[in-house]
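1. Kindly return the folded structure for what I paste below:
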Amino acid sequence: MPLRRASIVVGIVVAAAAVVLALTLFHKGRAPGREAPDHQAAGRADSLGGMRNLTPEQRERLERIATLGYVAGTAPVPAETGVTRYVRGAAFEGYTLFTAGAGAEAFLIDMEGEVVHRWASPGAPTWVRVRCLSNGDLLVVTSKPFPAVSPCRMMKLDSRSRVLWRYGRPAHHDFDIGPDGTIYVLVRRALTLPELRDGEPTLDDAIAILDRNGNETGHVSIYESFRRSERYGTWLDEVEMREGPDMFHTNSIEIFERDGRLHALLSLRHVHALAIIDMVAREVVWVKQGPWRMQHEATFVEGGILFFDNVGLGDRSRVLEIDPETSEILWEYAEEGFYTKGRGAQQRLPNGNTLISESERGRIFEITRSGETVWEYINPRTAPRDDSTVLAILRAERLPADFPLDWARGEDAPD
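-> Numbers count the residues shown, from 1 in each chain. So this is what the prediction gives:
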């Protein structure tokens, strides 16, 4: 089956964190300029909100599952931080955008590690996923660990960190932008269906569809996309499911076009699977499992699918590039000592190198196809309340050297 890559996604955080979506379950959100739908009858899923029929005990349990905290870091501060290696002529020149494991801020640094621009919202929930637009606007997904009452959100800021809009429902983990500017963001809802876990409340991930101004125009349920699938309608009945209500823990989405139709490539962490949904038919058209576990950040590259395999080797992580038809490993990076149990990400660069985020160790590094490190950055910031530990880096993305930065010459983010 021919597969085409449409875009490279942006993001990184720890996999243990099922981003702060509690209020997706418990509150009726409102998309800007639009009323939230009414709750449906017992035994059915609300459109994108919670279930009126959940008991307080069920709600508390789901809230805890949906709002597990993030690992702020695991590695001790080394003797040298910032840019520790830079091989000119071999590294892909540009600017690196990243978010850290704590704090509502994002950094854009040059190849020497100097901060070119910073966006920030002091006192707000941690930013876990960002994308910088050509005019300096920043799309952000936030998160906050339990027992916070503030849900994670998606929002858009300008280059001076002023909020332009907020999406009215909680979002989590990842989003992507379609060719026409439409935004596709992961959200979550509660299901209570007799055929699903004996009617126990279960978390179903969904893809909310937003216009450029953050208005919701529709959504696609991942659970229903499986059930609707002619080929994979019974796949969930046959696969080994993780204990607990967090059924999929979807942690990445990439929108691409094939045969004139939009599709979504997803990473379903808790079932160790990659999947593709036809966004027009709203059905799963491809699923793949393999020798990987708890993976993140699935993205198309020329000839294959690239993703971060967190624990497939047990005590090591690796970055895998596989053939989507055969699961054959086309390329991998799995050096001794390379490990992040949660989150982790990678980006295939135009020169063929790969930029990797070893999240929990606060490390970003760029390697060649042969595995040579040609650029490395260690976060100089330390974890909250522990200045002996490097602050995690959730996800890094390399912007090209010709990326417009006129907006970055103005006033920086507030302290």
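
2. Next secondary structure after the helix or strand containing Tyr184?
-> Assigned by DSSP states H and E, Tyr184 falls within strand 183-191. Next helix or strand after strand 183-191 toward the C-terminus (DSSP H and E): strand 202-210.

3. in the helix or strand harbouring His219, what counts as buried?
-> Using DSSP H and E, His219 sits in strand 216-221. Neighbour-count burial for strand 216-221, with 16 or more other CB atoms under 10 Å as criterion, is recorded at 216, 219-221. Backbone N, C-alpha and C define where each C-beta goes, glycine included.

4. can you count the residues close to the residue nearest to Arg227 when sequence neighbours are not counted?
-> Nearest non-adjacent residue to Arg227, counting by CB to CB, 6 or more residues apart in numbering: Gly233, 5.8 Å away. The number of residues packed near Gly233 is 13, by other CB atoms under 10 Å.

5. ok, Gly233 to Val284 distance?
-> From Gly233 across to Val284, the span is 9 Å (CB to CB, to the nearest Å).

6. again, but for Arg361
-> For Arg361, the distance to Val284 equals 34 Å [CB to CB].

7. More neighbours: the two, which one.
-> It is Val284, of Arg361 and Val284, that has more neighbours when counted by other CB under 10 Å, with 26 against 23.

8. Mind listing the residues bridging to the closest residue to Met247 other than its chain neighbours?
-> Nearest residue to Met247, sequence neighbours excluded (CB to CB, 6+ apart): Thr202, at 5.4 Å. Beta-bridge pairing for Thr202 (DSSP bridges): Leu191.

9. Correct me if wrong: Thr202 contacts Leu196.
-> Yes: proximity of Thr202 to Leu196 meets the contact threshold set by CB atoms under 8 Å, at 5.5 Å.

10. Compare the two and say which is more crowded by neighbours.
-> The neighbour count for Thr202 versus Leu196, taken as other CB under 10 Å, is higher for Thr202 (22 against 18).

11. Next up, the contacts around that one.
-> Applying CB atoms under 8 Å, 6 or more residues apart in numbering to Thr202 gives the contacts 190-193, 196, 245, 247.

12. If we use 7 Å, what do you get?
-> 191, 196, 245, 247 (CB atoms under 7 Å, 6 or more residues apart in numbering).

13. Give me the distance between it and Pro194.
-> 12 Å.

14. follow-up on the earlier one: identify the contacts common to Gly233 and Val284.
-> Joint contacts of Gly233 and Val284 (CB under 7 Å, 6+ apart) are Phe226.

15. Now name the helix or strand holding the residue nearest to Arg227.
-> With DSSP H and E as criterion, Gly233 is part of no helix or strand.

16. same check, this time on Trp375
-> Secondary-structure assignment from DSSP H and E places Trp375 in strand 373-378.

17. how distant is that strand from the center of its chain?
-> 23 Å (CA atoms, centre = their mean, to the nearest Å).

18. ok, that strand: who's next to it in the sheet?
-> The pairing partners recorded for strand 373-378 under DSSP bridges are strand 82-86 (antiparallel), strand 363-367 (antiparallel).

19. could you point out which element follows the strand holding His219?
-> helix 222-228.

20. how about the CA coordinates for that next one, as PDB?
-> These are the backbone C-alpha positions of helix 222-228, laid out as PDB (Å, rounded to 0.1, in the frame of the first residue of the first chain):
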ATOM      1  CA  ILE A 222     -10.600   6.400  17.500                       C
ATOM      2  CA  TYR A 223     -12.600   3.700  19.200                       C
ATOM      3  CA  GLU A 224     -15.500   4.200  16.800                       C
ATOM      4  CA  SER A 225     -13.000   4.300  13.900                       C
ATOM      5  CA  PHE A 226     -11.900   0.800  14.800                       C
ATOM      6  CA  ARG A 227     -15.500  -0.500  15.100                       C
ATOM      7  CA  ARG A 228     -16.400   1.000  11.800                       C
END
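
21. buried ones in that helix?
-> So, applying 16+ other CB under 10 Å, buried residues of helix 222-228: 222-228.

22. Quick one: buried ones out of the contacts of Thr202?
-> Buried by 16+ other CB under 10 Å: 191, 196, 245, 247, out of those.

23. Which two of these have the greatest separation?
-> Greatest spatial distance among these (CB to CB): Leu196 and Pro245, at 10.0 Å.

24. who's Thr126 bridged to?
-> Residues in a beta bridge with Thr126, per DSSP bridges, are Ser143.

25. confidence score at it?
-> In this model, Thr126 is scored at 88, pLDDT.

26. Kindly report the same for His27.
-> Listed pLDDT for His27 reads 34.

27. pLDDT below threshold where in the protein?
-> Applying pLDDT under 70 to the chain flags the ranges 1-70, 144-152, 409-415.

28. what about the helices in the protein?
-> Counting by DSSP state H, the chain has helices at residues 22-26, 56-66, 222-228, 235-238.
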